[in-house]
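Enquirer: quick one, fold the following:
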Amino acid sequence: MWPPPGALMQRSYGARRRAPSLSRSRREPGNPVGDPPRRFYGGRVETRDLDPADLDVAFDIRTRSFGVIGESSRQNWRAMMLRSIDDQRVLGCYHGAALAAVARINRFDQWWRGRSLPMAGIGGVVVAPEHRGRGVGRLLMRGVLERAAAQGYALSALYPATAPLYRSCGWEFAGSQHLVTAPAEALRGLRAGSVPVRRVGPDDAAEILSVVRGIHAAARTSGPINWEATEVATWLAQDEPFAYLAEDGFLAYHWDDRDLEVDELVAGSGATARALWSLVGSGSSVAKTVTACVGPDDPLRWIIQEPVVSPHREERWMLRLVDVAAALAGRGYPAGVDVEATLEVEDPELPGNSGIWRLTVAKGAGRVERVAAHPGATRVGPRGLAALYAGVPSATLRAASLAGGGDPDTDALLDTVFAGRPYLLDYF
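Expert: The predicted structure follows:
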């Protein structure tokens, strides 16, 4: 995975050390977004760009929401927030002059059937305890959604601490981050062959991204994300991870006490997969267990002789289409499928998405156009559309009251067009 420099992983097996950035924002606060200011319990509440002067307050809210972290992690968090503030990707919800809630947009590309689209990864969503239960979170997320649309993202994804808030704004569950464990000794026993592998660092960020993108495109994966080269370089500049590159593969891992954690391992061939996993396993004289984030069909389960790859934990994530036309036209589709389907979308939060859309799929690509009317269109809101986009069967969506209209033949076409098992390798 690409852990963001300064990111504070909300997971039990630890946070990573990141170096602080020297960048500082000099922008003045402003640029309200979302709904007009509202009055809650006697005060005006509005969503606008986070004032850098309020970072200490934002950190206090973060601590009250997620717990205490060390000074080094605090400085890394601050550096990450300043970089994001510079790009107008951090919003605060203000009760008068007091900061009540914060959210951040991470700038990603996300892969869908081998094609990447701009995706707003929402992270660091916190609401001060004294402001919870009053609609502040929803007001903030509506502002975040508007900002994501204004910045040109086709999609948005997030890991929810609580689902109802995000569902009320149109996000829906789409996939998981799959964490598994395996004995280090079993990895060491893999036959590595003669695949050339070299150490890499910050100066190799662009080449690493090129290799990883080529792997995802060739494998027609759905779900994984890429960070920007500058963020990857900042990550690799730290003492950990230890990173290696092959012609068609990339590996990054780090120590967690006396065990190993694989941040990312992707490979375009069986020989490279074995070489990289065996490199991790070479630490088995000290490490007993390896924890890794992998896809649901990662070949690791098939290249190890014994069934020793065990599920460790799943982190479910949610998806939302920010720009329906761009999201439908920009992703990949199954090759050899030549179909036409019509969707009637109702999106109260982003009215520009509402309307009737005709999707024509041919040769693995989609073309989208608005149409005036279509009596047989499948009706979906933003939640149903997100789940459909991620491959949830139409029958499931109908049973959950997330889809209507259409007919069985249309359902079969949509299930074929959007079939997939999306997953994430990153937690953000």
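Enquirer: now the strands for the stretch 251-400 of the chain?
Expert: Using DSSP state E, counting those that start in this stretch, the strands of the stretch 251-400 of the chain run over residues 259-267, 289-294, 310-321, 339-345, 355-362, 365-371, 378-380.
Enquirer: output those as a markdown table; include the columns mean neighbour count.
Expert: Yep, even glycine has a C-beta here, placed from its N, CA and C like the rest. Listed next are those as a markdown table, based on neighbours: other Cβ atoms under 10 Å:
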| stretch | mean neighbour count |
| --- | --- |
| strand 259-267 | 23 |
| strand 289-294 | 22 |
| strand 310-321 | 18 |
| strand 339-345 | 20 |
| strand 355-362 | 18 |
| strand 365-371 | 14 |
| strand 378-380 | 22 |
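Enquirer: nearest to Ile85, out of the ones you listed?
Expert: Ile85 lies closest, by Cβ to Cβ, to one member of those: strand 310-321, at 23.2 Å.
Enquirer: specify the angle between that closest one and strand 339-345 in degrees.
Expert: 70 degrees (axes from the mean of the first three to the mean of the last three Cα atoms, to 10 degrees).
Enquirer: so what are the sheet partners of strand 310-321 and their directions?
Expert: strand 155-158 (antiparallel), strand 172-183 (antiparallel) (DSSP bridges).
Enquirer: which one of the ones you listed is the most hemmed in?
Expert: strand 155-158 (a mean of 26; mean count of other Cβ atoms under 10 Å).
Enquirer: show me which residues of the next helix or strand after that strand are buried.
Expert: As assigned by DSSP states H and E, the chain's next helix or strand after strand 155-158 is helix 163-167. Applying a neighbour-count criterion of 16 or more other Cβ atoms under 10 Å, one finds Leu165, Tyr166, Arg167 buried in helix 163-167.
Enquirer: CSV please, covering the residues you listed and showing pLDDT and distance to Asp203.
Expert: Putting these into CSV (pLDDT from 0 to 100; distance: Cβ to Cβ, whole Å) gives the following:
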residue, pLDDT, distance to Asp203
Leu165, 96, 41
Tyr166, 98, 38
Arg167, 98, 43
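Enquirer: pop the domain breakdown of the chain in here.
Expert: Domain assignment for the chain, taken from automatic domain parsing, gives 33-170, 178-315, 323-417.
Enquirer: so how far is stretch 140-151 from its chain's centroid?
Expert: Relative to its parent chain, stretch 140-151 has a centroid offset of 16 Å by Cα atoms, centre = their mean, to the nearest Å.
Enquirer: could you pull up the mean pLDDT of stretch 252-264?
Expert: In this model, stretch 252-264 has a mean pLDDT of 96.
Enquirer: same check, this time on stretch 130-149
Expert: 96.
Enquirer: contacting residues around it?
Expert: If you take Cβ atoms under 8 Å, 6 or more residues apart in numbering as the criterion, stretch 130-149 is touched by 33-35, 38, 40-41, 45, 47-48, 88-89, 91-93, 95, 100-103, 105, 120, 122, 125, 127, 156, 165-166, 168-170, 320, 322-323, 349-350, 352.
Enquirer: buried stuff in it?
Expert: 131, 136-149.
Enquirer: just confirm Trp171 contacts Arg316, I think it does.
Expert: No - the criterion here is Cβ atoms under 8 Å, and Trp171 misses it with Arg316 at 11.4 Å.
Enquirer: Leu388: neighbouring residues, count only.
Expert: A count of nearby residues for Leu388, using other Cβ atoms under 10 Å, gives 25.
Enquirer: nearest residue to it other than its sequence neighbours?
Expert: Closest residue in space to Leu388, ignoring its immediate chain neighbours: Phe418 at 5.7 Å, by Cβ to Cβ, 6 or more residues apart in numbering.
Enquirer: and the gap between that neighbour and Trp255?
Expert: Using Cβ to Cβ, to the nearest Å, Phe418 is found at 40 Å from Trp255.
Enquirer: between those two, who's got more neighbours?
Expert: In this view Phe418 and Trp255 are compared by other Cβ under 10 Å, and Phe418 has more residues nearby, 25 against 14.
Enquirer: and the more buried one, what does it touch?
Expert: Leu388, Tyr389, Ala390, Gly391.
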